[in-house]
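**Q** the amino acid sequence is not available; the structure is as follows:
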């Protein structure tokens with residue numbers, strides 16, 4: 001098991017915490033509205049799981065270069081903190097494993113304090129997506145996709161680049177090829 005579990009304890013050093021935050025992709029933010037609340041005026045568990053599935057599926061689609069991915073399953077989900085109306089929930093993720101036909105992502109939802117910028121983990125889980133064809137059958141995740149993501153992660157500290165970063169990467173690749 002990876003050391004990611006130690007991120008959720010109270011006895012963690014700052015370096016390790018920064019390491020796990022740095023290698024997570026920011027995926028989405030949700031303000032908690034009255035309609036998101038369940039009993040006891042806490043964020044409804046089903047709502048946060050829907051947000052997790054939606055944000056994670058977007059990351060899986062980007063990783064696999066296709067919208068043709070389906071949720072296979074989630075690991076255990078433990079709610080560490082309640083969410084209250086008016087709070088912001090930020091969702092982060094990173095790939096944990098790329099298999100033959102699937103990608104497993106580690107996802108965290110953090111309660112974000114807008115006054116201090118502090119964040120606390122509300123829930124974390126692993127979620128697996130399978131790449132499928134038009135008929136719903138599993139198909140392989142390409143080696144090109146696997147290699148590109150992990151090369152970017154090593155080089156830039158993140159695997160998904162924004163449009164400007166992709167332009168710069170493409171420009172640098174053209175320059176490198178012309179120098180060879």
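**A** Sure, I can see it. This structure is a prediction, so every number in the text was calculated from the model and none was measured.

**Q** from now on I want contacts and neighbour counts done on CA atoms only, so please keep to that.
**A** Will do.

**Q** where does pLDDT dip in the protein?
**A** Across the chain, residues meeting the criterion (pLDDT under 70) sit at 1-23, 156-171.

**Q** could I get the full set of helices for it?
**A** Remark: helices assigned in the chain by DSSP state H are 14-22, 45-64, 143-156, 163-179.

**Q** so what's the residue lying closest to residue 119 once chain neighbours are set aside bridging to?
**A** Of all residues beyond its chain neighbours, the one nearest residue 119 is residue 112 (4.6 Å), with distances taken as Cα to Cα, 6 or more residues apart in numbering. Counting by DSSP bridges, residue 112 is bridged to residue 88, residue 119.

**Q** list the contacts for residue 112?
**A** Counting by Cα atoms under 8 Å, 6 or more residues apart in numbering, residue 112 makes contact with 87, 88, 89, 90, 118, 119, 120.

**Q** do that again at 10 Å, thanks
**A** Contacts were defined as Cα atoms under 10 Å, 6 or more residues apart in numbering; by that measure residue 112 touches 29, 31, 87, 88, 89, 90, 118, 119, 120, 121, 122.

**Q** most neighbours, which of these?
**A** Among the contacts of residue 112, residue 89 has the most neighbours (other Cα atoms under 10 Å), with 25 neighbours.

**Q** excluding chain neighbours, what is closest to residue 47?
**A** Here the nearest residue to residue 47 in space, its sequence neighbours aside, is residue 36; by Cα to Cα, 6+ apart that works out to 6.5 Å.

**Q** need the contact list for the one you found.
**A** 42, 43, 44, 45, 46, 47, 48, 83, 84, 85.

**Q** now for these, which pair is the farthest apart?
**A** Greatest spacing in the contacts of residue 36, by Cα to Cα: 46 and 85 (15.4 Å).

**Q** buried ones among the contacts of residue 36?
**A** Those of the contacts of residue 36 that meet the buried threshold are 42, 43, 44, 45, 48, 83, 84, by 16 or more other Cα atoms under 10 Å.

**Q** now these as TSV including distance to residue 135?
**A** Shown next, in TSV, are the buried ones among the contacts of residue 36 (distance: Cα to Cα, whole Å):
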residue	distance to residue 135
42	40
43	36
44	34
45	32
48	30
83	39
84	41
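
**Q** can you tell me which of those residues is closest to residue 105?
**A** Using Cα to Cα, the shortest approach to residue 105 within the buried ones among the contacts of residue 36 belongs to residue 48, at 16.3 Å.

**Q** pretty sure that closest one is touching residue 109, no?
**A** Yes. With contact defined as Cα atoms under 10 Å, residue 48 reaches residue 109; the gap is 8.3 Å.

**Q** what is in contact with those two at once?
**A** In contact with both residue 48 and residue 109: 30, 79, 89, 91, 122, 123, using Cα under 10 Å, 6+ apart.
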